[in-house]
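**Student:** fold the following for me, if possible:
(2 chains)
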Protein chains: 2
Amino acid sequence: MRIVRTIPELRAELDARAAAGERRVGFVPTMGALHEGHLSLVRAARAENDVVVLSIFVNPTQFTEAADLDGYPRQEGADAALAEGAGVDLIFAPEAAELYPAGFATTVHLSGPLTETLEGAKRGAAHFDGVATVVSKLLLAVRADAAYFGQKDAQQLLVVRRMVTDLGIPTRIVACPTSRDEDGLARSSRNVRLSEAERDQARAIPRALAAVEAAVATGERRVAVLARDADAMLEAAGIRPEYLAFVTPDDLTPVREVAGPVLCAIAARVGDVRLIDNVELAPSGPAPDTKE
Amino acid sequence: MRIVRTIPELRAELDARAAAGERRVGFVPTMGALHEGHLSLVRAARAENDVVVLSIFVNPTQFTEAADLDGYPRQEGADAALAEGAGVDLIFAPEAAELYPAGFATTVHLSGPLTETLEGAKRGAAHFDGVATVVSKLLLAVRADAAYFGQKDAQQLLVVRRMVTDLGIPTRIVACPTSRDEDGLARSSRNVRLSEAERDQARAIPRALAAVEAAVATGERRVAVLARDADAMLEAAGIRPEYLAFVTPDDLTPVREVAGPVLCAIAARVGDVRLIDNVELAPSGPAPDTKE
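**Tutor:** Model prediction:
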């Protein structure tokens, strides 16, 4: 496994591999602090490609809070070992100046509910501008056949898909299931910043989501009821969510009934740590006779 | 020569040619109403590539005046004949819905003087947003080795270069000299909308630019003097320019002296028609001892 720091080095390595017949490239963009969730993306990429590239870049432009950026865990040595173990061929770990050199002036911006609701509303418009801009740059640098993203960041996945479709970036975007610890908590690099007590608290988030799923499975369709019960479970753990949303999974339109696929998404601060999680709800039984 | 309307058709045609060994692609993006200026770009592309693609798309998002968009000349039959005569292999002439389908949400935005001064100040921020977005989409669709732009739209060329560098779009941007009619007027699709009297008036624009060049060649360095004389020539023809600017050619910073390369740019309305033109000034003689 090699680690490269610049786009020319990355291109040289990938072009050499392509010349040797290793043409199919899978790409896993990360901000480092790798955990099992990232490694599940690497394994998905490994299964479908000749070459697996993983990027590590804590992108400053998508952070809207200085403390969150400063506190974001960085551990490149450990990351490299984990990545190599999971089958990564090439790590691209640029400095900020490699991606944003002096004179850099371009922002890839998406308008509408995909970027303006939920995370966009809470973290500010700069967040998804930062995400869309850095992901477009990474995709154009790696020129992968497929790039792998976790469903935990469901809204980010929608934004990336929309951006890739809109600009016509020739990379397939693959969604991978949320990876969870044994206690149900969605894996996140930020989890290491939770104290033991906070981690206990945080477990209420996947518990509330699981309760919503279970209620839907037993026939509950009313979002008001589902939300009230989930809120009560969060509140019992001392969590007041930033949002608890029931929206269409393709365009994030709020719904009042689970009549088709619905994304149930939660964001909450536990101590200083901001956590997000979601499940996709699908009503079982006969198809509803009303259109979304 | 073929005309294709969709990106999949374009890709199929280019992929087939690449498979047959025609790998080097040159691209000339246009809004149609082809004239000798466009054909000079085609010839530059023809000389360096296996395949020459010309796009015809009157991009609605870069027009900030409805009348200018509605009045923009459209003549696809004549354009196809001219393009074929000059050596175009493939015309890409999409409908707006092909480039901006329902749900389209992405804008490529550049901030700073490149987009906020001169044309950006006069036509509004939406103009260069429209340009950068459509050019990024076209470049990613054609995946050309090189794309050819006219120096007449000097600021557009800077914006495109900056966007391509910033996002890492793997296409070389080639600047070609402004093409002029025998009377000196810079060729533009909008010129056909000038009456004979207006055309006479419009000639004052290249005359003023030529006078500035001549004055610099004979040693005048003071922008205040150059601008006063150029303004007088324009005013004598009844033209009050939207701007008459002396700026650095790389970042459009205003200068007070022609101590290094300087872009002298004019925008003016003649009748209903908005015209732009420019020259690059280079002081002759010993290098100046002051830095820009």
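**Student:** which residues of chain A lie near chain B?
**Tutor:** A:7, A:103-112, A:114-115, A:132, A:136-137, A:140-141, A:143, A:162-163, A:166-170, A:251 (Cβ under 8 Å from any Cβ of the partner chain). For every residue, glycine as well, the C-beta is placed using N, CA and C.
**Student:** inside strands: which ones of those?
**Tutor:** Per DSSP state E, strands hold the following members of the residues of chain A next to chain B: A:106, A:107, A:108, A:109, A:110.
**Student:** for the first one, what are its contacts?
**Tutor:** If you count contacts by Cβ atoms under 8 Å, 6 or more residues apart in numbering or on different chains, residue A:106 has them with A:133, B:108, B:109, B:110, B:132, B:162, B:163, B:166, B:167.
**Student:** do the same with the third one
**Tutor:** In this structure, residue A:108 makes contact with A:129, A:132, A:133, A:136, A:163, A:167, B:106, B:107, B:108, B:109, B:167, judged by Cβ under 8 Å, 6+ apart.
**Student:** what's across from it in the sheet?
**Tutor:** Bridge pairing for residue A:108 (DSSP bridges) gives the partners residue B:108.
**Student:** what ranges does the stretch 51-200 of chain A have for its strands?
**Tutor:** In the stretch 51-200 of chain A, the strands defined using DSSP state E, counting those that start in this stretch lie at A:51-56, A:90-92, A:106-110, A:146-150, A:172-176.
**Student:** going by contacts, tell me the helices and strands next to the fourth one.
**Tutor:** Using 3 or more Cβ pairs under 8 Å, 6 or more residues apart in numbering or on different chains; DSSP states H and E as the contact criterion, the elements in contact with strand A:146-150 are strand A:25-30, helix A:36-48, helix A:154-167, strand A:172-176.
**Student:** list the strands paired with that strand, with their directions.
**Tutor:** strand A:25-30 (parallel), strand A:172-176 (parallel).
**Student:** the second one now?
**Tutor:** Sheet neighbours of strand A:90-92, with direction, are listed as strand A:2-4 (parallel), strand A:51-56 (parallel) (DSSP bridges).
**Student:** other residues contacting the last one?
**Tutor:** Translated: strand A:51-56. A:10, A:14, A:17, A:22, A:24-32, A:38, A:42, A:45-46, A:76, A:79, A:83, A:87-94, A:138, A:142, A:144.
**Student:** buried sites along the longest helix belonging to chain A?
**Tutor:** Assignment by DSSP state H gives helix A:125-142 as the longest helix of chain A. Using 16 or more other Cβ atoms under 10 Å in any protein chain shown as the test for burial, helix A:125-142 gives A:127-142.
**Student:** quick one: which of the residues you listed is nearest residue B:180?
**Tutor:** Minimum distance to residue B:180 across the buried residues of helix A:125-142 is 36.2 Å, recorded for residue A:140 (Cβ to Cβ).
**Student:** would you confirm that that closest one contacts residue A:170?
**Tutor:** No. If you go by Cβ atoms under 8 Å, residue A:140 and residue A:170 don't touch, sitting 9.6 Å apart.
**Student:** circling back: would you list the strands paired with strand A:146-150 in CSV and tack on mean neighbour count?
**Tutor:** Shown next, in CSV, are the strands paired with strand A:146-150 (neighbours: other Cβ atoms under 10 Å in any protein chain shown):
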stretch, mean neighbour count
strand A:25-30, 26
strand A:172-176, 17
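**Student:** any chance of the ones you listed in JSON lines, plus mean pLDDT?
**Tutor:** Shown next, in JSON lines, are the strands paired with strand A:146-150 (pLDDT from 0 to 100):
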{"stretch": "strand A:25-30", "mean pLDDT": "98"}
{"stretch": "strand A:172-176", "mean pLDDT": "98"}
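**Student:** got the strands paired with strand A:90-92 as TSV, with distance to residue A:267, mean pLDDT and mean neighbour count columns?
**Tutor:** Output for those, formatted as TSV (distance: least, Cβ to Cβ, whole Å; pLDDT from 0 to 100; neighbours: other Cβ atoms under 10 Å in any protein chain shown):
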stretch	distance to residue A:267	mean pLDDT	mean neighbour count
strand A:2-4	33	98	16
strand A:51-56	25	98	26
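**Student:** ok, so of the contacts of residue A:108, who is nearest residue A:277?
**Tutor:** Using Cβ to Cβ, the contacts of residue A:108 come closest to residue A:277 at residue A:132, 22.3 Å.
**Student:** can you pull the contacts of that closest one?
**Tutor:** Taking Cβ under 8 Å, 6+ apart as the criterion, residue A:132 is in contact with A:108, A:109, A:110, A:115, A:159, A:160, A:163, B:106.
**Student:** what's the nearest residue to it if we skip its chain neighbours?
**Tutor:** Distances taken as Cβ to Cβ, 6 or more residues apart in numbering or on different chains put residue A:108 closest to residue A:132, at 4.2 Å, once the chain neighbours are dropped.
**Student:** just name the shakiest helix or strand of chain A by mean pLDDT.
**Tutor:** When each helix and strand of chain A is scored by mean pLDDT, DSSP states H and E, helix A:66-71 comes last, with a mean of 91.
**Student:** other residues contacting that one?
**Tutor:** For helix A:66-71, the external contacting residues (Cβ under 8 Å, 6+ apart) are A:58, A:60, A:63, A:193, A:272, A:274.
**Student:** can we see that at 10 Å?
**Tutor:** Residues outside helix A:66-71 that contact it (Cβ atoms under 10 Å, 6 or more residues apart in numbering or on different chains): A:58-63, A:65, A:123, A:190, A:193, A:272-274.
**Student:** from those, keep the buried residues only.
**Tutor:** A:58, A:59, A:61, A:62, A:63, A:123, A:190, A:193, A:273, A:274.
**Student:** need these in a markdown table (columns: pLDDT).
**Tutor:** A markdown table is the format used below for the buried ones among the contacts of helix A:66-71 (pLDDT from 0 to 100):
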| residue | pLDDT |
| --- | --- |
| A:58 | 96 |
| A:59 | 96 |
| A:61 | 95 |
| A:62 | 94 |
| A:63 | 94 |
| A:123 | 94 |
| A:190 | 93 |
| A:193 | 94 |
| A:273 | 95 |
| A:274 | 96 |
